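[1] Give me a 3D structure for the following:
(chains A, B, C, D, E, F, G and H)
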Number of protein chains: 8
Amino acid sequence: MNPQVGIIMGSQSDLPIMAEAAQFLEELGIAYELTVVSAHRTPQRMIDYAGSARERGIKVIVAGAGGAAHLPGMVASLTSLPVIGVPVKSSNSIDGWDSILSILQMPSGIPVATVALNGGKNAGILAASIVGAYDAEVGKKMDAFKAGLRQKVEESAAQIEEKGWKAVLKK
Amino acid sequence: MNPQVGIIMGSQSDLPIMAEAAQFLEELGIAYELTVVSAHRTPQRMIDYAGSARERGIKVIVAGAGGAAHLPGMVASLTSLPVIGVPVKSSNSIDGWDSILSILQMPSGIPVATVALNGGKNAGILAASIVGAYDAEVGKKMDAFKAGLRQKVEESAAQIEEKGWKAVLKK
Amino acid sequence: MNPQVGIIMGSQSDLPIMAEAAQFLEELGIAYELTVVSAHRTPQRMIDYAGSARERGIKVIVAGAGGAAHLPGMVASLTSLPVIGVPVKSSNSIDGWDSILSILQMPSGIPVATVALNGGKNAGILAASIVGAYDAEVGKKMDAFKAGLRQKVEESAAQIEEKGWKAVLKK
Amino acid sequence: MNPQVGIIMGSQSDLPIMAEAAQFLEELGIAYELTVVSAHRTPQRMIDYAGSARERGIKVIVAGAGGAAHLPGMVASLTSLPVIGVPVKSSNSIDGWDSILSILQMPSGIPVATVALNGGKNAGILAASIVGAYDAEVGKKMDAFKAGLRQKVEESAAQIEEKGWKAVLKK
Amino acid sequence: MNPQVGIIMGSQSDLPIMAEAAQFLEELGIAYELTVVSAHRTPQRMIDYAGSARERGIKVIVAGAGGAAHLPGMVASLTSLPVIGVPVKSSNSIDGWDSILSILQMPSGIPVATVALNGGKNAGILAASIVGAYDAEVGKKMDAFKAGLRQKVEESAAQIEEKGWKAVLKK
Amino acid sequence: MNPQVGIIMGSQSDLPIMAEAAQFLEELGIAYELTVVSAHRTPQRMIDYAGSARERGIKVIVAGAGGAAHLPGMVASLTSLPVIGVPVKSSNSIDGWDSILSILQMPSGIPVATVALNGGKNAGILAASIVGAYDAEVGKKMDAFKAGLRQKVEESAAQIEEKGWKAVLKK
Amino acid sequence: MNPQVGIIMGSQSDLPIMAEAAQFLEELGIAYELTVVSAHRTPQRMIDYAGSARERGIKVIVAGAGGAAHLPGMVASLTSLPVIGVPVKSSNSIDGWDSILSILQMPSGIPVATVALNGGKNAGILAASIVGAYDAEVGKKMDAFKAGLRQKVEESAAQIEEKGWKAVLKK
Amino acid sequence: MNPQVGIIMGSQSDLPIMAEAAQFLEELGIAYELTVVSAHRTPQRMIDYAGSARERGIKVIVAGAGGAAHLPGMVASLTSLPVIGVPVKSSNSIDGWDSILSILQMPSGIPVATVALNGGKNAGILAASIVGAYDAEVGKKMDAFKAGLRQKVEESAAQIEEKGWKAVLKK
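    Next comes the predicted model:
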């Protein structure tokens, strides 16, 4: 099956965060591809990647980067597909503000769908929700995923209410 | 034609920002609906809106709110459709940080596709890019829109290069 | 005795902070209940909890959450009882600003009584002060608690003045 | 009738913000008193005010101040009644951060129930919700107030849906 | 004479700021070129501009942009010439933080020489100081410029000391 | 009488703020001098000023500057007299953070006594309090000044309590 | 000898920072006193301390506190002696901003001489510079202290220049 | 060979960061000098260093400092050579904001070419790019360096695409 979601990151050091997006898509059975594309170090590679994405059947691109994070916005400028941006907190980051603001505050005309700091998993979920808006089977899986979130909270609540918070806290 | 994009906002005071999303969708011929839904003042209305969106044929929800902006995140918790959040800078906002952070920093499991502060138009463009990923005709219009952005810059550059920046600045 | 204070949190991971509120109420002999209610994962449970609180005899609700923390504000929108919000610093928090601003900056009409970052104990004290405004016995205990705070400082001062700061610092 | 809520502010320049609290309490028929008490300019007056509040029948104190805003926290240290703090954005304020942080981030033992920047009205509503937790008649009025908020949103939504957003925006 | 400094900006709206750089270079008799190049709207034009700069005799590129400002960093990735970045405060900017951080916090390997917010003139001076490090005539003009700055302060000081600050303030 | 306080500023544009310091000292009858000294534009003048201050009888230096404000810290490095720093909010300031942090966060060994943003008057008061710690007559005037602050608040409180806040607000 | 400098702190947990002020004064032979005084827990003790300071011969008060740090400002309101404030970064501090802003941003009339975050030693140096402005012997010691700072840097520079930075870095 | 780049830092504790600049210049065969010069502790040494730099053949000065970092800006005021500033995150830094803002936000007339927080290596690269703008051999090495950056990313991408991200992540 052709990949529907393209996951890219500015550096291999972003992989632990971005792998969470891949992991979620895998769990939902959504085909994806994942690689490293750097806006600053491989600009031509970025242009080729973004320029060919639609014809290769990609529906959504997930792009993560840290610091002055230009990859998501530059990719969004090179394709008219939706681009999800993941601000990664890099080692010399100023508390994450740099990657958040350089992904979020895109000028008029070139939006990036920004998720929370280090939100690799949420980027995967958002990509899946886009696929699921048009693919009924994926849509059902997304509903089931949401139901699973609810169930975990209810189990946690039941445990605290039954055993008391002191017992739960001790664990 | 059934609306494919649902645009909601927490208060009528957000309309000037959110109308830009509607305007863009209209220009691209994408059917949409627009109304006011407040997380804090009409929680049941919000639940009904989000809960029925998928079955009503909505593919993407665009939600704008200011201050401690809970509408986008709450709607994202009530549907598995993609939700685009627009942080609106309200009158007593702390430079917009409050609405940005309360929309962007969603917990694991419930992403919101956040755009720039007051980015109503960009939210409309992002919604159109999602529709355009699956609707080839819209996809082509999106490509044309991007080409138009390029053209405007090139015209602006040509004007400055021909007339000189002093002449352009005087205007 | 019916619980007078309801303590809720968005996730079991908030328990170490929120348990401090429970601990304080217990020390003052104020009946409380404590459970997990997630705005994003169990919205219906949240609505039921908030909607029934007054008739169940609850006087104050203490709600803690991290990141884009919507629980306190959403609960405040669903009840006319006073709601105390505890901003919890979550693992990917941006220095706590996200939870603080998404709890504090509520729109006109729906206040949340916000305490300091990770201020679980202070939320318990604030809840007790509300109960103590109407229950003379609790009021006296609160006065005694304040006197205890004073006494500890005076003992600390006496120790430093008698032994000298070098001796105290060495310990 | 004895005042149940005491409204104080650090300077007469805070009156436009703090009057909104008084206005709301008046609308709900809750007796209050309002005056100027400065932590820095009239410390003894502050001590007398806070020290006598409980015996004068006050149930909640609402204190507003700007800049390095010490009044709410100092009053909270001088009484065991609940204290609501209103961060006022003063003329040389650093975007309001100074008053917010110096009211919100109280040390363990001395909470202040902080509301949004310039949130005078919300402070009045929070005070009324505390009174209404114990006074059934006020509680009913608070429920009616919340219903009124809902109604305004519904009317606004109906207007937009009927007339269309373009007509509403033109006004 | 071939231009030695290339001044580019992401949008014509940045011209009032960036014209100050051109103005300074003109005063020092340093040949320059100035045009509009958008990272997001004309990526290919940006690549062509940066890629040909060295062979066209450019020694320094000055690039200004606002919001999520990617132009300076992207140009720095496309040439090994020094690139000076000017953070421009755009209309929906978050107090300028977005453009500052997305220009300043470049990853290892791709520096941008960032100047102050809206620092168009300072960018021109910095470019001139680079030219002046290798061109003795320009170096002398730069020394004269610095002497001029000193002289203005001394005149201002003399005026205040002679007339008194009250007379100067009244003007 | 020899000046006891030296007031300096980085630019004549800081005069409206710094004149408030001079005004206060004049009211208390403390001799002062006031001039412009720029760390960046007249470094030698700064060195001469700071180096000769003690022998000229100066007891305290008040230094104001905006943006990357180096004057107060540099003067503090050039004299062992106490230096009071006034962060001035310059025209391209980032909300005043730049001048505050570049004055306040001095390294170990070289403190600057920093006052609030644009706090020219407070710098004058602080200088007077230092003089007043050693000059009994000035000390008495300082006590009288504080009493005056108290009196103004009491009058304001009396006016509100007598006329009611609505009458006062209308004015 | 009567103490000339009074060092106080809001909590014994501030002692490691505040002891550095005491240590410096001791090295310069300036008599001081050090104790714990809490604005929030022992307000009366604070009033007594500040009110009696001048008559006890104190010339400068150094006050340190964390979080919503009210001690320095409140003491400044209770005496007309100069007060030096030390923002201490407490355990739940928001990166130190809370204590900095609640000490620095004092309203007009009540300045606090604020030093850097955790700047206990700098507070001691500042206090000594005030004493040294009036006491020639202390003034000379302060000049010697500054010379010592210079000497250390020169030695460090000599070491690097002689041995090379690689050898120094290896150590 | 005479040094072409002068690297200075405010304190030996900045050496680990600033050594990265030296290391890069060494790899490119650009002669440099490195020493410690403190704006606050050795002002005369700073003046001598900056004043003689041009005649000693220096083309660019790289200056690093932390906290209220005045060295880069003061050196820029004392020479008309280009000055690159490295904000170093010192031990009591407020998340690096202090050094960034006190280096970046220089007043009109005195620019500093600021690089990212702790960006010692990037400062070296920027200095090399300035040298390389005028020295063709260095220019070629800079192009080779950029090509090397590209190659590393391509190798990383190839590895992930061949082995799969799970295998790469496990390492």
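
[2] any idea which helix or strand carries the residue in chain A positioned nearest to chain E?
    Ranking the residues of chain A by distance to chain E (Cβ to the nearest Cβ) places residue A:102 first, at 3.3 Å. Backbone N, C-alpha and C define where each C-beta goes, glycine included. Using DSSP states H and E, residue A:102 sits in helix A:97-104.

[3] So what touches that helix?
    Defining contact as Cβ atoms under 8 Å, 6 or more residues apart in numbering or on different chains, one finds that helix A:97-104 is touched by A:65-70, A:72-73, A:85-90, A:93, A:112, A:114, A:117, B:100, B:104, B:114-116, C:94, E:68-70, E:94, E:97-98, E:101-102, E:104-105.

[4] mind listing which of those are in helices?
    Judged by DSSP state H, helices contain the following of the contacts of helix A:97-104: A:72-73, B:100, B:104, E:97-98, E:101-102, E:104.

[5] isn't residue A:116 right up against residue C:90?
    No. Contact criterion Cβ atoms under 8 Å: residue A:116 and residue C:90 do not qualify, at 9.7 Å.

[6] which SS class is the spatially most central residue of chain A?
    Centroid-nearest residue in chain A: residue A:123, 2.1 Å away (criterion: Cα atoms, centre = their mean). Under the three-state scheme (DSSP: H, G, I helix; E, B strand; the rest coil), residue A:123 adopts helix.

[7] Looking at neighbours, which among the ones in helices among the contacts of helix A:97-104 is most surrounded?
    Neighbour counts for those, by other Cβ atoms under 10 Å in any protein chain shown, peak at residue E:102, which reaches 34 neighbours.

[8] State the distance from the closest residue to that one other than its chain neighbours to residue H:119.
    What sits nearest to residue E:102 in space, not counting adjacent residues and going by Cβ to Cβ, 6 or more residues apart in numbering or on different chains, is residue A:102, at 3.3 Å. Using Cβ to Cβ, to the nearest Å, we find residue A:102 at a distance of 16 Å from residue H:119.

[9] Over to residue A:39?
    18 Å.

[10] Next: residue A:111.
    Separation of residue A:111 from residue H:119 (Cβ to Cβ): 30 Å.

[11] next helix or strand past the longest helix belonging to chain A?
    Secondary structure of chain A per DSSP H: the longest helix is helix A:136-163. Per DSSP H and E, the first helix or strand lying C-terminal to helix A:136-163 is helix A:165-170.

[12] Only alpha carbons, please: show that following helix as CSV.
    Extracted as CSV, the C-alpha positions of helix A:165-170 are listed here (Å, rounded to 0.1, in the frame of the first residue of the first chain):
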residue,chain,number,x,y,z
TRP,A,165,-5.7,7.7,47.1
LYS,A,166,-3.2,6.8,49.8
ALA,A,167,-2.9,3.3,48.6
VAL,A,168,-2.6,4.4,45.0
LEU,A,169,0.0,7.0,45.8
LYS,A,170,2.2,4.5,47.7
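
[13] That helix near chain C at all?
    Yes. Judged by Cβ under 8 Å from any Cβ of the partner chain, helix A:165-170 comes into contact with chain C at A:165-166, A:168-169.

[14] Mean confidence (pLDDT) on stretch A:138-155, please.
    If you average the pLDDT over stretch A:138-155, you get 96.

[15] residues of it that come out buried?
    Burial within stretch A:138-155, assessed by neighbour count using 16 or more other Cβ atoms under 10 Å in any protein chain shown, is assigned to A:138-139, A:141-142, A:145-146, A:149-150, A:152-154.

[16] Next, give me the two most distant ones among those residues.
    Farthest pair in these (Cβ to Cβ) is A:138 and A:154. Separation: 24.7 Å.

[17] For chain A, what lies in contact range of chain H?
    Taking Cβ under 8 Å from any Cβ as the criterion, chain A approaches chain H at residues A:11-12, A:15-16, A:19, A:22, A:34-38, A:40-42, A:45, A:67-68, A:92, A:94-95.

[18] And those, which of them are buried?
    A:11-12, A:15, A:19, A:22, A:34-38, A:40-42, A:45, A:67-68, A:92, A:94-95.

[19] Give me the subset of those residues lying in helices.
    Reading helices off these with DSSP H, I get A:15, A:19, A:22, A:45.

[20] check contacts around the closest residue to residue A:115 other than its chain neighbours.
    In space, and not counting its chain neighbours, residue A:115 is closest to residue A:122: 4.5 Å by Cβ to Cβ, 6+ apart. The neighbours of residue A:122, taking Cβ under 8 Å, 6+ apart as the test, are A:115-116, B:106, B:108-111.
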